[in-house]
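Asks: Sequence and predicted structure are below.
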Amino acid sequence: KKIFLNKKIKIIDIGANIGQSIERFEKNFDDIEIYSIEPSKDAFKKLAEKNSFKKNVFLFNFALGEKKEKKNFYNYNNNVLSSLYKIDKKYSNNLDYNRKKIQVLSLDYFCKSQKLTNINILKIDTQGNEVKVLKGANKSLKKGIFDLIELEIIMGNYYENYSNFYSVEKFLIKNNYRIVALDRKLNFFNDQKL
């Protein structure tokens, strides 16, 4: 809020789930436009129920990654765990899921198709797919269209694929971005909900 003062804020919310980040952004900013992307059909249905009537929120039901393709999506009963990657067997006790092919697009393609040339906040929460999302935004990153990038990174090998600070920062630095803050909210290895 201090960075953007009182101007209109444009946000891309990748991994919107059922709209938790929309609520957070609405509390923090008075004038926003949010492009929320959620690949889970179940989560998207709840997201739409809560937000489809809002004129400043645009909802999209697909995934973002490195390129346009069809990929398996693992939709867990606890939909905050759903991902393009399966949870490692060590951590998946009694977790039910269904697997479906879904559409994956690149963030460069999405920004171009929506005519987005300046985004104040790019929020990425993709359960291990963060680096591929960033690679799919290579042209947009080079142009510097994102003022601030917020990433949720799951530490450790919880999913079959995972991100780490090194791979994320290495990619960001070559595109003139850098990590400026860390906020530890949840540790999946200690999460009692699993």
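Replies: Arrived safely.
Asks: Pretty sure Y35 sits against F60.
Replies: Yes: between Y35 and F60 a contact is recorded at 7.0 Å, counting by Cβ atoms under 8 Å. In short, each C-beta sits where N, CA and C put it, glycine included.
Asks: so what sits against both of the two?
Replies: Applying Cβ atoms under 8 Å, 6 or more residues apart in numbering, one finds that Y35 and F60 are jointly contacted by F110.
Asks: partners of the top strand by length along the chain in the sheet?
Replies: Among the segments of the chain that qualify as a strand by DSSP state E, the longest is strand 97-106. In the sheet containing strand 97-106, its partner strands are strand 63-65 (parallel), strand 69-76 (antiparallel), by DSSP bridges.
Asks: packing partners for the worst-scoring helix or strand of the chain on mean pLDDT?
Replies: Among the helices and strands of the chain, helix 165-173 carries the lowest confidence by mean pLDDT, DSSP states H and E, at a mean of 86. Applying 3 or more Cβ pairs under 8 Å, 6 or more residues apart in numbering; DSSP states H and E, one finds that helix 165-173 contacts helix 130-135.
Asks: Residues contacting the helix or strand just after the longest strand of the chain, please?
Replies: Scanning forward in sequence from strand 97-106 by DSSP states H and E, the next helix or strand is helix 107-113. Applying Cβ under 8 Å, 6+ apart, the external contacts of helix 107-113 come out as 12, 14, 35, 37, 60, 64, 68, 116-117, 119, 122, 133-134, 136-140, 145.
Asks: Give the rounded mean pLDDT of helix 107-113.
Replies: Model confidence over helix 107-113 averages 98 on the pLDDT scale.
Asks: now the strands for the chain?
Replies: Along the chain, counting by DSSP E, strands occupy 9-14, 32-37, 57-60, 63-65, 69-76, 97-106, 119-124, 146-151.
Asks: Tabulate those (TSV), appending mean neighbour count.
Replies: Supplementary listing: the strands of the chain in TSV, determined by neighbours: other Cβ atoms under 10 Å:
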stretch	mean neighbour count
strand 9-14	24
strand 32-37	22
strand 57-60	20
strand 63-65	24
strand 69-76	16
strand 97-106	16
strand 119-124	22
strand 146-151	18
